[in-house]
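> With the sequence up front, the predicted model follows.
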Amino acid sequence: MTPTQAEARIAELTQQINHYNYLYYQEDKSEISDFEFDKLLEELIHLETEFPQFLKEDSPSQRVGGTITKEFETAVHETRMLSLGNTYSEEELLAFDERVAKGLEHRNFEYFCELKFDGVAISLVYENGKLSRAVTRGDGTRGDVVTENIRTIRNIPLSVLGSNIPERFEVRGEIFLPRKEFEKINTERLANGEALLANPRNAASGTVKMQDSAVVAKRRLNCYFYQLITDDEGIQHHDQAMTILENWGFNVSPTYEKCKSIQDVLVFIEKWREKRHQLPLDTDGVVLKVNSYEQRIELGFTAKIPRWAIAYKYQAESAESQLLSITYQVGRTGAITPVANLTPVQLAGTTVKRASLHNANEIERLGLHEGDTVFVEKGGEIIPKITAVAIEKRKSNAKAIQYISTCPECGSLLERKESEAKHYCPNSQSCPPQLLGRIEHFVHKRAMDIDSLGTERIRALIDQGYIIDFADIYELELKKDALLGLELNQDQYQKTDEGMLYIALHKALFSLTEGIPLSSIVKFLDENKSKALGEILKSFKDFVRESKKKVAQNIGTIQLLENLLLSYPFPKIEDYLPVPIVLSLLIGKQVGMSKLKEVASRKSTLHGIMLELNIDLTQDQEDKIKKLKSNTFQEGVISNMLEGIKVSKSQPFEKVLFALGIRNIGENTAQILAKAFKNIETLKNANSEKLLEINGIGETLVNSLHEFFADKENLTIIDRLKAHGLNFEIEEVERVLESNKLEGMKILASGKLNHFKRDEIIDFIESNGGQYIKSVSKNIDFIIEGEDMGPSKKEKAVKLGVKLISEEEFMIMVGKEI
Ligand SMILES: NC(=O)c1ccc[n+]([C@@H]2O[C@H](COP(=O)([O-])OP(=O)(O)OC[C@H]3O[C@@H](n4cnc5c(N)ncnc54)[C@H](O)[C@@H]3O)[C@@H](O)[C@H]2O)c1
Ligand SMILES: [Zn+2]
């Protein structure tokens with residue numbers, strides 16, 4: 001590489017690394033994996049060593065990557081908080097060991113090994129035994145003061161008791177979000193339709209920097225401590241300090257070990273390579289530190305890292321798997337996300353059966369074909385990703401994956417905007433997931449406030465065709481009887497891109513067998529989750545034999561199931577079975593496979609399918625189908641729901657207007673419009689001029705309103721809602737006039753007033769008999785000129801000869817004291 005090339009590459013790397021650092025530390029986002037990031041940094045350090053003339057003082061190789069935010073007070077660290085050197089190779093670890101030996105000029109030293117916890121660093125200062133401040137690492141010199149947030153973490157001691165506690169000391173540790181908590185939060189977010197948190201580290205980092213401690217408290221953060229800083233001369237070794245921390249009640253991970261040599265360190269690293277996945281938090285490597293403090297001082301620091309410690313990082317694992325099929329998920333905004341269904345593989349301690357494909361570009365980039373052997377990798381992300389295809393293993397006749405062109409939920413032709421990677425379903429009115437979003441808005445606390453209609457219930461009602469628009473909510477009352485027995489939970493179903501309905505394996509096995517409880521089937525499947533479907537069914541027969549319940553009959557059914565799966569080639573989704581196959585075993589004598597297939601590709605629950613098939617069932621069949629269904633709507637739930645719906649009819653007009661979800665009409669605008677137009681008819685008939693006269697209404701809103709009212713379907717829905725008694729006009733409260741001092745006068749106020757806020761002046765003018773006008777015209781009687789009245793308005797007023805009076809003059813005129 002020539003110096004010119006090196007200079008250019010250094011500049012490019014610097015710019016890239018700064019960009020990823022900014023995202024990582026400021027926005028808690030990662031666009032690339034840690035491994036890819038570390039490779040960039042390594043390349044930069046390598047070039048800067050080879051071409052020291054291009055090493056800049058502010059290069060990312062010389063600075064700790066983080067910064068302070070603007071939202072908190074900052075504090076200076078008494079001892080700088082540094083980064084750690086890292087490596088992914090054993091060779092470099094041996095080289096590090098050599099450097100230490102060389103620096104000390106002997107081999108008489110020990111290492112202390114800890115796991116590298118993947119969270120955010122924190123520094124806590126204790127004074128007189130009490131936690132006095134908590135500060136983030138920031139840029140290493142100065143960090144954000146986040147004491148209030150840290151106080152909410154349960155196992156951080158607020159005070160430390162005991163003898164010999166120094167008057168002032170500092171402890172450092174890593175705040176993390178336990179994996180279980182992380183998964184719980186994401187399950188909740190998924191149910192609420194909120195964006196998922198990418199990984200526990202970024203979630204922990206974002207939480208520590210939240211503005212509201214009450215929210216932080218709910219997140220159940222935890223902390224492991226790994227450093228004590230005091231003036232106490234008696235503490236000379238790191239292992240000693242760790243024992244003291246434990247005795248003082250600080251949470252120390254019990255995973256550490258003292259090692260006599262780098263060979264012992266390598267053993268420690270191997271020991272934890274797999275085992276670390278059983279820990280309650282994410283870890284990404286091992287930190288080895290020289291144990292003696294005196295030796296640490298001798299070795300010293302570089303600008304960014306200590307010379308007496310290094311992190312060995314485990315490489316993200318990759319595994320081979322086979323592509324079974326692709327399903328497409330539709331989000332609440334209509335965005336389509338393809339998901340790959342894979343044969344199960346073990347990866348980073350979990351069984352992986354699905355991988356995200358992001359969008360059509362990703363499928364194209366990978367060049368995916370049906371049945372491909374793929375490499376999956378799991379970084380810090382929740383959903384693993386496919387990194388490459390083993391093309392040499394592809395069957396010669398394999399077809400390339402064709403991206404879908406129609407929405408799997410509603411059949412609409414998909415759209416893709418010029419600059420966007422994702423495909424969208426344009427059917428925002430009635431595409432089920434999009435409709436779900438709209439109905440959730442309609443029933444929201446600040447709109448119609450129907451809290452008995454939670455997401456799960458709405459989804460069930462939409463999927464089974466009971467809610468297609470807002471007005472249907474009020475017609476549920478009439479369909480009360482049909483609601484009984486409707487399935488509540490959709491989680492046990494999946495649909496392929498062709499719309500074929502699948503049911504969770506545990507439910508299928510439960511219904512197909514007799515005498516075996518659901519809980520033991522779930523347990524069996526959990527123990528066998530790393531196996532592929534064929535294997536599972538084989539083991540299940542053994543399991544049935546051991547259960548000693550109706551063995552012959554149950555095994556016979558499973559054999560029939562295996563045969564059917566072989567004779568009908570449905571696409572495969574691990575953990576799920578095609579509904580037509582299962583139903584064929586239950587009612588195959590009455591209904592043929594092709595009919596079952598046809599109905600199951602149109603309906604989204606068993607309840608829906610059985611209603612459509614409308615056949616006579618024996619009691620035994622009836623019972624088995626009941627075992628297949630999910631929880632169902634019961635009497636109590638239905639009456640509670642209908643009651644909530646009934647009560648909502650008395651919500652005032654402004655709430656109803658907001659609930660309609662007209663584009664760009666927020667809660668505030670809905671209020672303004674309701675007040676200005678009093679009822680929906682007047683609002684509907686208002687032309688642009690009339691609308692623009694209102695304060696806070698601009699062109700965009702006018703267009704949204706006109707678009708909404710131009711749609712006949714919306715008008716029909718409004719009529720139906722009206723018929724159900726919803727409020728489409730404000731209840732006229734007879735305005736009691738304070739005086740008639742302003743009677744018949746048309747008045748405008750402009751600029752900042754001292755005695756009134758914006759809506760107060762309007763109210764005041766109206767309650768004294770006047771009329772408030774929004775724009776300057778000849779018809780105005782006078783303008784109240786506030787501070788900083790807009791020059792163009794003033795010019796226009798002067799030109800038209802409209803009288804201007806000051807706020808004081810106005811006050812005197814209405815006889816108000818100033
Ligand atoms: N993916 C991205 O876009 C991106 C961007 C920037 C940084 N990163 C990642 O962030 C890291 C760089 O950040 P860094 O400078 O904080 O270095 P680092 O995280 O590699 O090492 C220093 C930190 O390790 C932590 N740590 C965990 N366990 C420890 C233990 N037992 N003892 C001591 N310290 C322990 C401490 O918080 C300390 O501040 C790298 O892992 C890098 O891959 C990723
Ligand atoms: Zn759709």
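Structure's in. What do you need? Ligands and ions are numbered 1, 2, ... in the order given.
> Need the contact partners of stretch 632-650.
Residues outside stretch 632-650 that contact it (CB atoms under 8 Å, 6 or more residues apart in numbering) are 443, 448-453, 457, 460, 473-474, 476-477, 480, 483-488, 607, 724-727. Glycine gets a C-beta too; all of them are placed from N, C-alpha and C.
> Give me the buried entries from those.
443, 448, 450, 452-453, 457, 460, 473-474, 476, 483, 486-488, 607, 726-727 (16 or more other CB atoms under 10 Å).
> one step back: which ones among the contacts of stretch 632-650 are found in helices?
In helices, defined here by DSSP state H, the members of the contacts of stretch 632-650 are 443, 457, 460, 473-474, 480, 483, 607.
> from those, which is closest to ligand 2?
A460 (18.2 Å; CB to the ion).
> which residues touch the closest residue to that closest one other than its chain neighbours?
Distances taken as CB to CB, 6 or more residues apart in numbering put L488 closest to A460, at 5.1 Å, once the chain neighbours are dropped. By CB under 8 Å, 6+ apart, L488 lies in contact with 456-457, 460, 630-633, 637.
> out of those residues, who's nearest ligand 1?
Nearest to ligand 1 among these, counting by CB to the nearest ligand atom, is E456 at 35.5 Å.
> what about the closest one, neighbour count?
By other CB atoms under 10 Å, the residues close to E456 number 14.
> how much space between E110 and ligand 2?
Distance of E110 to ligand 2, computed by CB to the ion, to the nearest Å: 63 Å.
> so what's the nearest residue to that residue once chain neighbours are set aside scoring on pLDDT?
The spatially closest residue to E110, leaving aside those adjacent along the chain, is N291, at 4.3 Å (CB to CB, 6+ apart). pLDDT for N291: 98.
> Pretty sure N291 sits against Y111.
Yes. If you go by CB atoms under 8 Å, N291 and Y111 touch, sitting 6.4 Å apart.
> ok, now how distant is the spatially most central residue of the chain from ligand 2?
By CA atoms, centre = their mean, the chain has its centre lying nearest to L196, at 1.7 Å. Taking CB to the ion as the measure, L196 falls 21 Å from ligand 2.
> Backbone dihedrals for the closest residue to that residue other than its chain neighbours, please?
Distances taken as CB to CB, 6+ apart put N186 closest to L196, at 5.1 Å, once the chain neighbours are dropped. Backbone torsions of N186, given as degrees, to the nearest 10, read phi -70, psi -30.
> What's the local residue count around N186?
18.
> Tell me which residue of the stretch 201-350 of the chain lies closest to ligand 2.
Closest contact between the stretch 201-350 of the chain and ligand 2, by CB to the ion, is at V330 (5.6 Å).
> Please name the bridge partners of that residue.
Beta-bridge partners recorded for V330 (DSSP bridges): I336.
> contacting residues around it?
Shown in contact with V330 (CB under 8 Å, 6+ apart): 336, 407-409, 425, 431-434.
> Name the SS class of the closest residue to ligand 2 within the stretch 651-800 of the chain, please.
The nearest approach of the stretch 651-800 of the chain to ligand 2 comes at E713, 16.8 Å away (CB to the ion). What DSSP: H, G, I helix; E, B strand; the rest coil gives for E713 is helix.
> Quick check: it vs L566, distance?
Look at E713 and L566: by CB to CB, to the nearest Å, they are 48 Å apart.
> who's in contact with stretch 395-414?
Residues outside stretch 395-414 that contact it (CB under 8 Å, 6+ apart) are 326-328, 330, 336, 338, 360, 363, 367-372, 423-427, 430-433, 495-499.
> Quick one: list the elements packing against the helix or strand bottoming out on mean pLDDT in the chain.
Scoring the helices and strands of the chain by mean pLDDT, DSSP states H and E places helix 179-191 at the bottom, with a mean of 80. Counting contacts by 3 or more CB pairs under 8 Å, 6 or more residues apart in numbering; DSSP states H and E, helix 179-191 is packed against helix 200-208.
> okay, the angle between the helix it packs on and helix 179-191?
Using axes from the mean of the first three to the mean of the last three CA atoms, to 10 degrees, the inter-axis angle of helix 200-208 relative to helix 179-191 is 80 degrees.
> Which other helices and strands does helix 200-208 contact?
By 3+ CB pairs under 8 Å, 6+ apart, helix 200-208 packs against strand 120-127, helix 147-151, strand 168-176, helix 179-191, helix 213-218.
> buried sites along the second one?
Same thing as helix 147-151. 147, 149-150.
> quick check, nearest of those to ligand 2?
Nearest to ligand 2 out of the buried residues of helix 147-151 is N149 (CB to the ion; 41.3 Å).
> who touches the closest one in this structure?
N149 sits in contact with 134, 207-210, 213, 216, where contact means CB under 8 Å, 6+ apart.
> now I573
With contacts defined as CB under 8 Å, 6+ apart, the neighbours of I573 are 324-325, 327, 341, 494, 496, 502.
> For the residue of the stretch 301-450 of the chain found nearest ligand 1, what is the enclosing helix or strand?
Scanning the stretch 301-450 of the chain for the residue nearest ligand 1 gives A311, at 5.4 Å (criterion: CB to the nearest ligand atom). Using DSSP states H and E, A311 maps to strand 309-313.
> Setting aside sequence neighbours, what's the nearest residue to A348?
Leaving aside its chain neighbours, A348 sits nearest to K378 (4.6 Å; criterion: CB to CB, 6+ apart).
> residue contacts, the one you found?
By CB under 8 Å, 6+ apart, the contact list for K378 reads 316-317, 347-348, 350, 352, 384-385.
> still on that earlier bit, with distance to I694 added, can I get the helices and strands packed on helix 200-208 in CSV?
Output for the helices and strands packed on helix 200-208, formatted as CSV (distance: least, CB to CB, whole Å):
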stretch, distance to I694
strand 120-127, 48
helix 147-151, 42
strand 168-176, 49
helix 179-191, 38
helix 213-218, 36
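> out of these, nearest to T618?
Among those, helix 179-191 comes nearest to T618, with 37.4 Å by CB to CB.
> Residues touching that closest one, excluding its own?
The contact list for helix 179-191 (CB under 8 Å, 6+ apart) reads 177, 195-197, 199-200, 203, 219-220, 280-282, 382, 455-456.
> quick check, distance from it to the centre of its chain.
The gap between where helix 179-191 is centred and where its chain is centred comes out at 9 Å by CA atoms, centre = their mean, to the nearest Å.
> Please identify the buried residues of that helix?
179, 181-182, 185-186.
> and the residues you listed as CSV, adding distance to ligand 2?
CSV is the format used below for the buried residues of helix 179-191 (distance: CB to the ion, whole Å):
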residue, distance to ligand 2
R179, 34
E181, 34
F182, 31
I185, 28
N186, 24
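> is it possible to export the residues you listed to TSV including distance to K549?
Output for the buried residues of helix 179-191, formatted as TSV (distance: CB to CB, whole Å):
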residue	distance to K549
R179	36
E181	38
F182	39
I185	40
N186	37
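> Filter those residues to keep only those in contact with ligand 1.
Filtering the buried residues of helix 179-191 for proximity to ligand 1 (criterion: CB under 6 Å from any ligand atom) leaves nothing.
> Could I get the pLDDT score of N489?
pLDDT, N489: 67.
> interface residues of this structure facing ligand 1?
Neighbours of ligand 1 within the chain, by CB under 6 Å from any ligand atom: 20-21, 24, 30-34, 37-38, 64-65, 83-84, 86, 114, 116-117, 121, 137, 174, 226, 287, 311.
> ok, now with 5 Å
Residues of the chain lying near ligand 1 by CB under 5 Å from any ligand atom: 20-21, 24, 30, 34, 37-38, 65, 83-84, 114, 116-117, 121, 174, 226, 287.
> Of the buried residues of helix 179-191, just say which sits nearest to K741.
Comparing the buried residues of helix 179-191 against K741 with CB to CB places I185 closest, at 59.0 Å.
> Please report how far that closest one lies from D97.
41 Å.
> Most proximal residue of the stretch 451-600 of the chain with respect to ligand 2?
Nearest residue of the stretch 451-600 of the chain to ligand 2 (CB to the ion) works out as G499 at 11.5 Å.
> Quick check, that residue in contact with V599.
No. The pair G499 / V599 is not scored as a contact, 11.1 Å apart, by CB under 8 Å.
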